[in-house]
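Enquirer: only the shape, not the letters, is given here:
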């Protein structure tokens, strides 16, 4: 046994022997990281920052700061690996991945140890990061024993592993544009062409582009080596400059200045059909052994399968995303008094569409409805259910039903569809004149409120069961939460795809989102784009929808016109009408008559619902005149005129119009084409600097 503490005879040990761990890590360019999963904070030491190509001033301790530093395909693979390790109870993980640096892409190796609490929940990842470029580049030389076979095995394994994680055609193209792809294949240059509408499209050149006019798009019957291998489905090996000049004179005259002497062109064949060709070009004239030719044929087959798979993914994803976009509103209406921004991003993991949706519904009286929702599942059925739900929600809201009624009817509709899907949803009805917002939530995430000063907070909204489930369990009561949206404030509604991250719970994701919103730009559309960029920087299995609604302008002033539709047997709508009147008279500075106005309006609306068969519409507005007057109108579909009568000593009805006559300064009835309107007016005193207006209100019978 060797005594590691003994002093060698050749001399004394160094003063710093044995080396401290931090010295060993620094000398071998090994960085460290510490990711606290509870708070979301990430620490990278100086070497790790250098390996990521991240200036220290640009790193603020958040995982989102690294967005874009790792190519998308590598980020997808790394995120999936970490998420699987966190879920299956693993103690750690390790993976090779590339990092974008000023000089290009470099290979790194990340290894992390997962710390868990007593219940097994992951709380922290501590790990190392090192440069792996040299070890992946290094391979045994072909001249050594068994070198050829081992070198070929290394090439096949490297290329196959890289292409295995390419999900889209762009991922494949990005790989072949990387200088390391040329190194792995052992060539000096490479070109990749794909068949596009009957032509050969040159999509990638590596390691740098040597664009030759007339070669970006070529015909399959042209005299080019790439066209030839596509026509014949047979590899073409060019072993000398003379062969180049003899067989392809036009092309040779334009590439001989690059210094190319030989080449191997390989057809890419999938399901017995050509989809493109790969060209490996060499600066030296060389012959190709049978072993090399077999290797190239094997690589072309693997590449063809990867590209075919990527093409299928792109086609299915484009089709699915097109269907999803067709289900969403084609345009967002212009709503006076509001600025609105919406965004939708499909899931980057998987090719299925989701059931996320948004909608903006203009309503009478300066109001607007905002909807955000998510149908369970990621398939065409989820998208179909989403489309139907969006339509019925829009119809119920446009009919004038209260938010609680809209949600209850939508839940009953989904339950009657006889589907196994449910949906989470939030619906907000905002009065942009007064700033009152009535919100209902069916199993969805609470919205956020961004104040005019940029601060952001979670907005607690009372919730009910998701749509479909509330009808199934007979719990259709959806409580309404009323909040005040001040001018300059923004209501932010979103689906869970925006806040879900591997290794973080929902509350942590919302805290991170609040931070992003506070740090984000003030412009609403720029803010929406910024949030989408952050989501695209990570990988998830869920799609995402965002709806931002900002109230514009100064506080409401007298002169507005508000309206509320009240459906029969809808107490929530009657309550909403009371709230509208109360909010309006306070905002317009007529608090001294607020009780009288609210009482009279409530009496007129109740009479309309009791004595007619249809709905009623309550309108409140200011009448422009020298003497300020506030007018309340209740319109219904009945032509029968109201009749004032004495109730008697024991009568329980008949006092309504007496009350209106006593409290209002004027009242009357106007016939409408489809019914009548009962109105009343309240004098509010002189209006300074207000020009006289013709006409006077008609007095009702006293």
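Expert: Great, that's in hand. Values in this document were obtained by computation on a predicted structure and should not be read as measured data.
Enquirer: all strands in the stretch 1-150 of the chain, in order from the N-terminus.
Expert: 30-36, 42-44, 92-101, 104-116, 122-131 (DSSP state E, counting those that start in this stretch).
Enquirer: make a markdown table out of these and add mean neighbour count and mean pLDDT.
Expert: Using the backbone N, CA and C atoms, a C-beta is placed for each residue, glycine as well. Formatted as a markdown table, the strands of the stretch 1-150 of the chain follow (neighbours: other CB atoms under 10 Å; pLDDT from 0 to 100):
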| stretch | mean neighbour count | mean pLDDT |
| --- | --- | --- |
| strand 30-36 | 18 | 92 |
| strand 42-44 | 18 | 92 |
| strand 92-101 | 17 | 84 |
| strand 104-116 | 18 | 87 |
| strand 122-131 | 19 | 92 |
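Enquirer: columns distance to residue 401 on top of these, output as a markdown table?
Expert: Shown next, in a markdown table, are the strands of the stretch 1-150 of the chain (distance: least, CB to CB, whole Å):
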| stretch | distance to residue 401 |
| --- | --- |
| strand 30-36 | 47 |
| strand 42-44 | 47 |
| strand 92-101 | 52 |
| strand 104-116 | 49 |
| strand 122-131 | 46 |
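Enquirer: ok, which of those strands comes nearest residue 524?
Expert: strand 42-44 (29.2 Å; CB to CB).
Enquirer: partner strands of that closest one and their direction?
Expert: Sheet partners assigned to strand 42-44 using DSSP bridges are listed as strand 30-36 (antiparallel).
Enquirer: can you map out the helices along the stretch 201-350 of the chain?
Expert: 225-232, 241-247, 249-255, 290-327 (DSSP state H, counting those that start in this stretch).
Enquirer: same deal with the stretch 401-550 of the chain?
Expert: 403-416, 469-472, 506-519, 524-536.
Enquirer: out of these, which one sits most buried?
Expert: helix 403-416 (a mean of 23; mean count of other CB atoms under 10 Å).
Enquirer: distance of the residue positioned nearest the centre of the chain relative to residue 303?
Expert: By CA atoms, centre = their mean, the chain has its centre lying nearest to residue 544, at 3.5 Å. Residue 544 sits 33 Å away from residue 303, going by CB to CB, to the nearest Å.
Enquirer: and what of residue 289?
Expert: Applying CB to CB to residue 289 and residue 303 gives a distance of 21 Å.
Enquirer: between the two, which is the more surrounded one?
Expert: residue 303 (24 against 10; other CB atoms under 10 Å).
Enquirer: surely the more buried one and residue 270 touch.
Expert: No - counting by CB atoms under 8 Å, residue 303 stays clear of residue 270, with 9.7 Å between them.
Enquirer: lowest-confidence helix or strand of the chain?
Expert: Every helix and strand in the chain was compared by mean pLDDT, DSSP states H and E; the lowest is helix 147-164, with a mean of 56.
Enquirer: am I right that residue 400 is in a strand?
Expert: No - counting by DSSP: H, G, I helix; E, B strand; the rest coil, residue 400 falls outside a strand, being coil.
Enquirer: which SSE is the closest residue to it other than its chain neighbours in?
Expert: Computed as CB to CB, 6 or more residues apart in numbering, the closest residue to residue 400 that is not its neighbour in sequence is residue 565, at 2.3 Å. Element membership for residue 565, per DSSP states H and E: strand 561-566.
Enquirer: residues of that strand that come out buried?
Expert: 562, 563, 564, 565, 566 (16 or more other CB atoms under 10 Å).
Enquirer: how far away is the residue nearest to the residue nearest to the centre of the chain when sequence neighbours are not counted from residue 606?
Expert: Excluding the flanking residues, the one nearest residue 544 by CB to CB, 6+ apart is residue 497, at 3.4 Å. Distance, residue 497 to residue 606, by CB to CB: 45 Å.
Enquirer: cool, and residue 33?
Expert: 66 Å.
Enquirer: swap in residue 92?
Expert: According to CB to CB, residue 92 stands 69 Å off from residue 606.
Enquirer: returning to what we had before: okay if I get the helices of the stretch 401-550 of the chain as a markdown table plus mean pLDDT?
Expert: Formatted as a markdown table, these follow (pLDDT from 0 to 100):
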| stretch | mean pLDDT |
| --- | --- |
| helix 403-416 | 90 |
| helix 469-472 | 86 |
| helix 506-519 | 86 |
| helix 524-536 | 84 |
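Enquirer: now these as JSON lines including distance to residue 113?
Expert: JSON lines is the format used below for these (distance: least, CB to CB, whole Å):
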{"stretch": "helix 403-416", "distance to residue 113": "46"}
{"stretch": "helix 469-472", "distance to residue 113": "41"}
{"stretch": "helix 506-519", "distance to residue 113": "21"}
{"stretch": "helix 524-536", "distance to residue 113": "27"}
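Enquirer: out of those, nearest to residue 312?
Expert: Closest of the helices of the stretch 401-550 of the chain to residue 312 is helix 524-536, at 22.2 Å (criterion: CB to CB).
Enquirer: neighbours around residue 423, how many?
Expert: 28.
Enquirer: who's in contact with it?
Expert: Residue 423 makes contact with 355, 373-376, 385-386, 389, 414, 442, 466-468, according to CB atoms under 8 Å, 6 or more residues apart in numbering.
Enquirer: and with 10 Å instead?
Expert: 355-357, 373-377, 382, 385-386, 389, 393, 410-411, 414, 442-444, 466-469 (CB atoms under 10 Å, 6 or more residues apart in numbering).
Enquirer: can you check residue 488 too?
Expert: 450, 451, 452, 453, 522, 550, 551, 552, 553, 554.
Enquirer: could you check how far the residue nearest to the centre of the chain is from residue 534?
Expert: Distance, residue 544 to residue 534, by CB to CB: 10 Å.
Enquirer: any common contacting residues for those two?
Expert: Joint contacts of residue 544 and residue 534 (CB under 10 Å, 6+ apart) are residue 498.
Enquirer: what's near enough to touch residue 547?
Expert: Contacts of residue 547 (CB under 10 Å, 6+ apart): 332, 340-344, 357-360, 370-372, 426, 428, 447, 491-495, 528.
Enquirer: 6 Å instead?
Expert: By CB atoms under 6 Å, 6 or more residues apart in numbering, residue 547 lies in contact with 342, 358, 370, 372, 493.
Enquirer: ditto for residue 630
Expert: 622, 682, 684.
Enquirer: one more pass at 7 Å, please.
Expert: Residue 630 is in contact with 590, 597, 622, 681, 682, 684, counting by CB atoms under 7 Å, 6 or more residues apart in numbering.
Enquirer: from those, which land in strands?
Expert: When the contacts of residue 630 are checked against strands using DSSP state E, the ones located there are 622, 681, 682, 684.
Enquirer: neighbour count and distance to residue 218 added to the residues you listed, as TSV?
Expert: As requested, the ones in strands among the contacts of residue 630 are exported to TSV (neighbours: other CB atoms under 10 Å; distance: CB to CB, whole Å):
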residue	neighbour count	distance to residue 218
622	19	73
681	21	81
682	21	81
684	21	80
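Enquirer: dump the residues you listed to TSV, plus pLDDT and distance to residue 50.
Expert: Output for the ones in strands among the contacts of residue 630, formatted as TSV (pLDDT from 0 to 100; distance: CB to CB, whole Å):
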residue	pLDDT	distance to residue 50
622	79	67
681	89	76
682	88	73
684	77	71
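Enquirer: what distance separates the start and the end of stretch 584-601?
Expert: 13 Å (CA to CA, to the nearest Å).
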